[in-house]
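Enquirer: return a 3D structure for these sequence lines:
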Amino acid sequence: MSNHKNISKKAGLPPGSLIYIGKQKQGKTKITLTDYDKHQFTIEECQHISDTFSYKNKHSVSWINIDGLHDTDMIFQIGNHFELHPLVLEDILNTKHRPKVEDFGHYLFLSVKMLSIHPTKKSITIEQVSFVLGKHWLITFQERQGDTFDIIRKRLADNTGKMRQLKEDYLFYRLLDTIVDHYFFIIEYFSEATEKLEEKILSYPDDKTLYDIQLLKKNLVQFRKSVVPLRELITSVQKDAPHFITENTNRYLHDVYEHIIHINESIEIQKDLLSSLMDLYMTGISNKMNQVMQVLTIIATIFIPLSFIAGVYGMNFDHMPELHWKYGYHAVWILMLGILITMLVYFKRKKWL
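Expert: Model prediction:
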């Protein structure tokens, strides 16, 4: 509800107005500065955003990561110093914006969705991550703190591989690749959830099963909205931003592009499987109803002749010989039980029971 209230606050405001659209948070925004080249590496948590300003014109690679977007004054300060367009700052604060990429000449802006599985394993968590790639520097904006990029920081600190020998465009690729790799965990989540639902439908479908199917479909739609635009975005970065992305890094980005194609294909497969699950659920409910109706029909069929006999001998006419017979009562019971047993044996042989 708070997100919709924040969106309504932007109504009537001029373009570029800095209004944070997301879950409101308390506390201080975390600023992490990582600076490195092939000879040195430093990482520190800055107390003020102004501590990062001197790294704009350094020849080493400077990575500024900001966790938390609720401090709009701080976002304005860093945007003002690094000469970011007001519309870029607006898109950074609008966490409901679809993924997009824009080339502003002296920097490249890209926003994507970082996805993870909720601890309850009932839904997926969506977080917007924005990249601003400039000459020798990279700024990343995240909604909240997390450990997704910690593996990159560790590889930089340990000087593992060739990250420290390459420039900021390779760091940009590695961070983007890390986000895309996490999408495969989401695909596994959908596959496992679909298998469990299928087993449940085959054993005993109920109303909760229908709710779980609808919830999974809703999560898949959110996942698809976050992933599908990336294919076009990566293509745009490869073709339209040669002054930011070197030919060597472009080859790596092509690998990310292929991963996104694979994920999109998996999404379509999951979409078809969920549609099949819904059909299977409706078939299961129909079969369950048919079984209930079959049992009720058999019971009604058994009681039809019994009701007829009871009705005949319940008419209380005086001239009914059986009513005055000493063993008439017992004979009627024997007749009714005989009919019951005969019908049950017949239904069993026909495999109706």
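
Enquirer: what about F82, neighbour count?
Expert: Per other Cβ atoms under 10 Å, the neighbour tally for F82 reads 18. Using the backbone N, CA and C atoms, a C-beta is placed for each residue, glycine as well.

Enquirer: over to it: give its phi and psi.
Expert: For F82, the backbone dihedrals (degrees, to the nearest 10) come out as phi -90, psi 10.

Enquirer: pull the contacting residues for it.
Expert: 56, 107, 132, 134, 137, 139 (Cβ atoms under 8 Å, 6 or more residues apart in numbering).

Enquirer: helix, strand or coil: sort out E44 for me.
Expert: strand (DSSP: H, G, I helix; E, B strand; the rest coil).

Enquirer: and the closest residue to it other than its chain neighbours, how many neighbours?
Expert: Leaving aside its chain neighbours, E44 sits nearest to L33 (5.5 Å; criterion: Cβ to Cβ, 6 or more residues apart in numbering). Per other Cβ under 10 Å, the neighbour tally for L33 reads 16.

Enquirer: and for D207?
Expert: For D207, the neighbour count with other Cβ under 10 Å is 8.

Enquirer: returning to what we had before: so which helix or strand takes in the residue nearest to E44?
Expert: strand 30-36 (DSSP states H and E).

Enquirer: for that strand, packing partners?
Expert: Applying 3 or more Cβ pairs under 8 Å, 6 or more residues apart in numbering; DSSP states H and E, one finds that strand 30-36 makes contact with strand 41-46, strand 61-67, helix 150-158.

Enquirer: look up how far S60 lies from S54.
Expert: 12 Å (Cβ to Cβ, to the nearest Å).

Enquirer: for Y281, same thing?
Expert: Remark: distance between Y281 and S60 (Cβ to Cβ) = 58 Å.

Enquirer: also D35?
Expert: D35 is 5 Å from S60, by Cβ to Cβ.

Enquirer: per-residue pLDDT, the closest residue to F347 other than its chain neighbours?
Expert: The spatial neighbour of F347 that comes closest, neighbours along the chain excluded (Cβ to Cβ, 6+ apart), is L353 at 4.9 Å. Listed pLDDT for L353 reads 72.

Enquirer: so how far is stretch 196-216 off the chain centroid?
Expert: The chain centre lies 18 Å from the centre of stretch 196-216; the measure is Cα atoms, centre = their mean, to the nearest Å.

Enquirer: flag every buried residue along it.
Expert: Of all the residues in stretch 196-216, those buried under the rule 16 or more other Cβ atoms under 10 Å are 197, 200-201, 205, 209-210, 212-213, 216.

Enquirer: only C-alpha atoms, please: export that stretch in CSV.
Expert: The C-alpha coordinates for stretch 196-216 follow below in CSV (Å, rounded to 0.1, in the frame of the first residue of the first chain):
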residue,chain,number,x,y,z
LYS,A,196,5.3,-31.0,-5.7
LEU,A,197,2.0,-29.5,-6.9
GLU,A,198,1.7,-32.2,-9.6
GLU,A,199,2.2,-34.9,-6.9
LYS,A,200,-0.4,-33.2,-4.7
ILE,A,201,-2.9,-33.0,-7.5
LEU,A,202,-2.5,-36.7,-8.4
SER,A,203,-3.0,-37.7,-4.8
TYR,A,204,-5.6,-35.4,-3.3
PRO,A,205,-6.5,-32.0,-5.0
ASP,A,206,-8.2,-29.5,-2.7
ASP,A,207,-8.9,-25.7,-2.6
LYS,A,208,-5.4,-25.0,-1.2
THR,A,209,-3.9,-26.7,-4.2
LEU,A,210,-5.7,-24.3,-6.5
TYR,A,211,-4.5,-21.4,-4.4
ASP,A,212,-0.9,-22.6,-4.6
ILE,A,213,-1.2,-22.9,-8.4
GLN,A,214,-2.5,-19.4,-8.7
LEU,A,215,0.3,-18.1,-6.4
LEU,A,216,2.9,-19.8,-8.5
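
Enquirer: of the contacts of F82, buried ones?
Expert: 56, 107, 132, 134, 137, 139.

Enquirer: all helices of the stretch 101-250 of the chain, in order?
Expert: 150-158, 168-203, 207-240, 247-312 (DSSP state H, counting those that start in this stretch).
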